[in-house]
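A.B. asks: Output the structure for:
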Amino acid sequence: MRSKKQLIVVGDRILIAYDDNEESRTEFGLYLPPGVKEKEKVRGGYVVKVGPGYPMPDPTAADDEPWSSRPKSEVRYIPLQAQVGDYAIFMSNSAVEIEFEGKKYVVVPQSAILVLVRDELDLE
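C.D. replies: Reported below is the predicted structural model:
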């Protein structure tokens, strides 16, 4: 029996796969060597997974004593703007690069994302 691993993104973090189609050529036609793209301040990629969001405190818990035996309520979250499939343009200095099962990903906080590009369905 083989167990399948999965990545679970926590908090306000977003898992992004780099865009493989990013142009590695300058406007004058020169091809850039690998490693030049990593030094850019702004990068782009597709959102693969999104964390649950910002944890929201329970307003009723403020009156409880910390030693009370009342069962804890379910944690609630303020959801993030990013959705799976969005194209995200983010600040690369806030990103943490990871490798999972042979693929490179970046974990980025919501605050480091500058723009999200989303395909909207036209229902007309």
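A.B. asks: number of nearby residues for residue 87?
C.D. replies: Here the count is done by other C-beta atoms under 10 Å, and residue 87 has 15 residues near it. Quick note: C-beta positions are derived from backbone N, CA and C, even for glycine.
A.B. asks: Tell me which residues touch it, please.
C.D. replies: Contacts for residue 87 (C-beta atoms under 8 Å, 6 or more residues apart in numbering) come out as 19, 44, 45, 46, 47, 116, 117, 118.
A.B. asks: Check the gap between residue 94 and residue 14 for me.
C.D. replies: Computed as C-beta to C-beta, to the nearest Å, the residue 94 to residue 14 distance reads 11 Å.
A.B. asks: Overlap in contacts, the two.
C.D. replies: With C-beta under 8 Å, 6+ apart, residue 94 and residue 14 have common neighbours 108, 109.
A.B. asks: Those two: who's more crowded?
C.D. replies: Neighbour count, other C-beta under 10 Å: between residue 94 and residue 14, residue 14 has more, with 29 against 13.
A.B. asks: what's the distance between the more buried one and residue 117?
C.D. replies: In this view, residue 14 and residue 117 are 14 Å apart by C-beta to C-beta.
A.B. asks: low-scoring stretches of this structure, by residue?
C.D. replies: Scanning the chain for pLDDT under 70 picks out 1-2, 20-39, 59-66, 68-73, 122-124.
A.B. asks: Strands of that one, residue ranges please.
C.D. replies: 13-18, 42-50, 54-56, 76-78, 87-91, 96-100, 103-109, 113-117 (DSSP state E).
A.B. asks: among those strands, which is the most enclosed?
C.D. replies: Burial of the strands of the chain is given as mean neighbour count (mean count of other C-beta atoms under 10 Å); strand 13-18 ranks first at a mean of 21.
A.B. asks: and it, which strands flank it?
C.D. replies: Using DSSP bridges, strand 13-18 pairs in its sheet with strand 42-50 (antiparallel), strand 103-109 (antiparallel).
A.B. asks: what sits up against the shortest one?
C.D. replies: Residues from elsewhere that reach strand 103-109, judged by C-beta under 8 Å, 6+ apart: 7, 9, 12-18, 43, 45, 48, 88, 90, 92, 94-99.
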